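In: sequence unavailable; structure follows:
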């Protein structure tokens, strides 16, 4: 994972947000435990949302499956 860490740091230094989405997703897949996977996946999701990528919905779904995010429900009507 050292090479991946180096690539993540390099992408941050270049402010390459599309690369960060891909690299954090890759890190989540390679993580050895659920905590690390959730950490990386959350970062991938945030950067994907920042770019408005359709991939953000898939990343969020994975977080929901992991119990790290709540499913979107109906928005209640405003009270008057």
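Out: Thanks, I have it. Everything quoted here is computed from the prediction, not taken from an experiment. Residues are numbered from 1 along each chain as shown.
In: contacts, neighbours, all on C-alpha from now
Out: Noted.
In: now the longest helix anywhere in the chain: buried residues?
Out: If you go by DSSP state H, the chain has its longest helix at helix 34-51. By neighbour count on 16 or more other CA atoms under 10 Å, the buried set for helix 34-51 is 37, 38, 39, 40, 41, 42, 43, 44, 45, 47, 48, 49.
In: swap in stretch 49-68?
Out: Buried, per 16+ other CA under 10 Å, within stretch 49-68: 49, 56, 59, 60, 61, 62, 63, 68.
In: name all residues that make contact with the fourth one.
Out: Contacts here follow CA atoms under 8 Å, 6 or more residues apart in numbering; on that basis residue 60 touches 45, 69.
In: distance check, it against residue 72.
Out: Going from residue 60 to residue 72 by CA to CA, to the nearest Å gives 10 Å.
In: so how many other residues sit close to residue 31?
Out: 16 (other CA atoms under 10 Å).
In: quick check on it: phi, psi?
Out: phi -60, psi 150 (degrees, to the nearest 10).
In: name the helices or strands packed onto the longest helix of the chain?
Out: Where contact means 3 or more CA pairs under 8 Å, 6 or more residues apart in numbering; DSSP states H and E, helix 34-51 is packed against helix 17-30, helix 55-65.
In: residue 8 reaches residue 20, doesn't it?
Out: Yes: contact criterion CA atoms under 8 Å: residue 8 and residue 20 qualify, at 6.6 Å.
In: the helix or strand hosting residue 5 vs helix 17-30, what angle?
Out: Using DSSP states H and E, residue 5 sits in helix 2-14. With axes from the mean of the first three to the mean of the last three CA atoms, to 10 degrees applied, the angle from helix 2-14 to helix 17-30 works out at 160 degrees.
In: contact partners of helix 2-14?
Out: Applying CA under 8 Å, 6+ apart, the set of residues contacting helix 2-14 is 17, 19, 20, 23, 24, 27.
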